[in-house]
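[1] 3D model of this:
(2 chains)
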Amino acid sequence: MKNNKDTRVVVGMSGGVDSSVTALLLKEQGYDVVGIFMKNWDDTDEFGVCTATEDFDDVVRVCNQLDIPYYSVNFEKQYWDKVFTYFLDEYKAGRTPNPDVMCNKEIKFKAFLDHAMSLGADYLATGHYAQVREVDGRVEMLRGADDNKDQTYFLNQLSSDVLKQVMFPLGHLPKSEVRKIAKDHGLVTADKKDSTGICFIGERNFKEFLSEYLPAQPGTMQTMDGLVKGKHDGLMYYTLGQRQGLGIGGAGDPWFVIGKNLKENILYVEQGYSNDKLYSDALIATDINWINEDIITETFTCTAKFRYRQKDSNVTVQLQDDGKVFVEFAESERAVTPGQAVVFYDGDVCLGGGTIDEIIKNNQILDYVG
Amino acid sequence: MEPIYMDHAATTPMAEEVVQAMLPVLNEVFGNPSSVHSFGRKARQVLDVARHVMAESIHANEKEIIFTSGGTEADNLALLGTALANRDKGNHIITTAQEHHAALYTAEALEKQGFRVTYLPVYENGTIAIEDLKEALTDDTILVSVMYVNNETGIIQPIKEIGKLVKGYQAYFHTDAVQAFGLMDIDVNELGIDMLTVSSHKINGPKGIGFLYVNENVKINPLQYGGEQERKRRPGTENIAGAAGFQKAVQLAMANKETRINQYQTYKELFVNELRQNDITFEVNGDMDATISSIINISFPGANVEALLTNFDLDGIAASSGSACTAGSVEPSHVLTAIYGEGHPCTTNSIRFSFGISNTEENVKEAAGRIARVVKRLNRIKESENNEKQ
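    Numbers count the residues shown, from 1 in each chain, chains lettered A, B, ... in the order given. Sure, this is the predicted structure:
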């Protein structure tokens, strides 16, 4: 084992408090820390101002406080090809993609990891709330200790080979403690607001953003029985289980999106949060990644998340011959959405995950969910 | 690992003699040179001596030296000051596509104010063509601004020919001599130069001071108002200690010119030979014989500046590139784009190394070795990535 001082750790720094504290903790542990800012998206406005410049400035100030070198790297092209193209394709297909999962898989823990290694790094560290543990020579990923911040959902596509080269120094900490460490050390980013939403959209209006890239085709909103309830602005703007922005008045329970008919450009809506049409009892997932494939059996029970920050549900997983998996829910689930990730857990160990492809109810594939 | 400084064209360390020359001024001379008392006169003396040394170094007279905060301000004053003062004589300005941004962006700003600006093209050899200038000059031209030595490539521009040609027109001739000063013989009269920019921190002087030579016959407006300093052309209380340090730096540059030229030339040849012996692929941008001895610009095929500069720094090599890479955006070098054309690989894979008083034959050799190791490592990584893809 190398000494910490001879171990180079490249930290992916965004200019936020999490990655700032990541660098700080590693520096305190005596590692040879190098801060790198990644630019994946060009959001330069008509005045030549872009948020990346401001964020990089924060990276510079924090790194100077910590006395570590800092650089930047550009992955705009890779991001566009691997993440944004997928993002648009999924919306075009009427699904709700998860670009953060893809970004972690293709950019942060692939292109950026390669870049870090080319700089002679022994490890890549990020401010994700997740933990890496080695048991009997097997590298595992565990949930972050802060249940509310756990980010393993977004990291489900990483392999154990990648995780071997990764450090998550914040994984064992609650977010409040991270803020406190930043404050105690007077880091300039201590009070910086957490970024929200999809990184390339930022604070902008999602609808407006998407309309710049995909033509919106307005159509009708109907119940499953064909009763027209109004107009929609374009199917891509809606996701399963959504209540806001439908504009359907009248008596009775509120209305919810329960599906899409891409061919006829119809948005299906029904009444009631617990409407039966929103529920399903199984799914088929593609793009499956097992973090440690050797411990996976053909059929097994575990828990799963169908969207970020949701509570775990009990499921039975069955591997299929075509590489997809069949996931049966112990109890029916509301608004499981194609395009989102399904992530599997054994206790606190994240087993891996995949993309939700088909939704099933009573052994029937629901083709109206999109 | 001991870091090696190979970026003297960006800035230089102050010479020990310069620090020594400034200390007594910082300690003892605090007066305002405009004051009518002994404290002020003492400061004025320091300033006068410095101005005399500046003037002598380019064969000008003292009244023609305007102290500024540095090269950028001097370029701005030259372009904005003469353009605005001579609008009645014409509306046309000529400069080149490879100027330092201090001149280039100023020209663009003037364009927005209604001036017509011609940007002369740069050829494969890194210089402009006199014929192009001849063609561009008209009776409407009021200013020609061409840098003496390009700061990225080190290529020397045909200043004497330009001076001669412009003499036949009403236009003034300004040259940014920031990289040339101290390594070239500059006689403003012989070269037909009307305005010339010099910066202190590029010649081992302190930061925050420079000068613009402005021939007595040039009509120029100030950019600031508020005082009588610098004969009203650059108001503001003078940087006395800076002037004293600048003066010493100019004196050292003049006294050691030949030694430095030869020394840096030796470094450059040694550097290139070492790289060659290390068996890496590279190309020198521009004809080495047409460049100033302190600068060499090298393209590393297949690499990109971002990875190169990061790796160099981590291995203790301080160099830079004309492609700005801040906040993760790589802007291709505008100089190399002017020379090789848009999208040419050289515009994003070239590094400038520049020699100066921090260098020795040993550390230049050591630097070449480290650079070769980085380039080899990056090539290996690239090869294995390519193999994986196949």
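
[2] For the stretch 201-350 of chain A, what lies in contact range of chain B?
    Proximity of the stretch 201-350 of chain A to chain B is assessed by Cβ under 8 Å from any Cβ of the partner chain, with no residue identified as in range. The C-beta positions use only the backbone N, C-alpha and C, and glycine is treated the same way.

[3] Look through the stretch 201-350 of chain A and state the residue closest to chain B.
    Among residues of the stretch 201-350 of chain A, the one nearest chain B by Cβ to the nearest Cβ turns out to be residue A:202. It sits 15.2 Å away.

[4] ok, now which ones touch the residue in the stretch 51-200 of chain B that chain A sits nearest to?
    For the stretch 51-200 of chain B, the residue positioned closest to chain A under Cβ to the nearest Cβ is residue B:105, at a distance of 12.3 Å. Remark: with contacts taken as Cβ atoms under 8 Å, 6 or more residues apart in numbering or on different chains, residue B:105 is in contact with nothing.

[5] out of everything not next to it in sequence, what's closest to residue 79?
    Picking chain A for this. The spatially closest residue to residue A:79, leaving aside those adjacent along the chain, is residue A:40, at 3.9 Å (Cβ to Cβ, 6 or more residues apart in numbering or on different chains).

[6] that's the other chain; I wanted chain B
    In space, and not counting its chain neighbours, residue B:79 is closest to residue B:106: 4.4 Å by Cβ to Cβ, 6+ apart.

[7] residues contacting that neighbour?
    The contact partners of residue B:106, by Cβ under 8 Å, 6+ apart, come to B:75, B:76, B:79, B:80.

[8] Mind pulling up the pLDDT for residue B:322?
    Per-residue pLDDT puts residue B:322 at 79.

[9] Got the phi and psi for the nearest residue to residue A:210 once chain neighbours are set aside?
    Nearest non-adjacent residue to residue A:210, counting by Cβ to Cβ, 6+ apart: residue A:236, 6.1 Å away. Backbone torsions of residue A:236, given as degrees, to the nearest 10, read phi -70, psi -20.

[10] close enough to count as contact, residue A:319 and residue A:293?
    No: using Cβ atoms under 8 Å, residue A:319 and residue A:293 do not qualify as a contacting pair, with a distance of 10.4 Å.

[11] higher neighbour count, those two?
    Taking neighbours as other Cβ atoms under 10 Å in any protein chain shown, residue A:319 and residue A:293 compare with residue A:319 leading, 16 against 12.

[12] for chain B, which helix is longest?
    helix B:361-389 (DSSP state H).

[13] For that one, list every residue counted as buried.
    For helix B:361-389, burial by neighbour count (16 or more other Cβ atoms under 10 Å in any protein chain shown) applies to B:363, B:364, B:366, B:367, B:368, B:370, B:371, B:372, B:374, B:375, B:378, B:379.

[14] sorry, back to before: backbone dihedrals for the residue nearest to residue A:79, please?
    The phi and psi torsions at residue A:40 (degrees, to the nearest 10) take the values phi -110, psi -10.

[15] Tell me how far residue A:141 lies from chain B.
    Using Cβ to the nearest Cβ, to the nearest Å, residue A:141 is found at 24 Å from chain B.

[16] do you know how far the residue nearest to that residue when sequence neighbours are not counted is from residue B:145?
    Taking Cβ to Cβ, 6+ apart, and ignoring the residues beside it in sequence, residue A:141 has residue A:350 as its nearest neighbour in space, at 4.7 Å. Look at residue A:350 and residue B:145: by Cβ to Cβ, to the nearest Å, they are 62 Å apart.

[17] of these two, who's got more company?
    With other Cβ under 10 Å as the criterion, residue A:350 and residue B:145 differ in neighbour count, and residue B:145 comes out ahead with 27 against 24.

[18] Tell me who's in contact with that one.
    Applying Cβ under 8 Å, 6+ apart to residue B:145 gives the contacts B:75, B:78-79, B:93-96, B:99, B:103, B:107, B:173-176.

[19] same thing with residue A:123?
    Under the criterion of Cβ under 8 Å, 6+ apart, the contact list for residue A:123 reads A:7, A:8, A:9, A:10, A:165, A:166, A:167.

[20] my guess is the first one contacts residue A:31, does it?
    Just to be clear, that refers to residue A:7. Yes: between residue A:7 and residue A:31 there is a contact at 5.5 Å, judged by Cβ under 8 Å.

[21] ok so, going back, which ones among the contacts of residue B:145 lie within helices?
    Among the contacts of residue B:145, the members found in helices (DSSP H) are B:75, B:78, B:79, B:103, B:107.

[22] what's the closest non-adjacent residue to residue A:60?
    Closest residue to residue A:60 apart from its sequence neighbours, by Cβ to Cβ, 6+ apart: residue A:70 at 5.9 Å.

[23] can you give me phi and psi for that neighbour?
    Given degrees, to the nearest 10, the pair of backbone angles that residue A:70 has is phi -140, psi 150.
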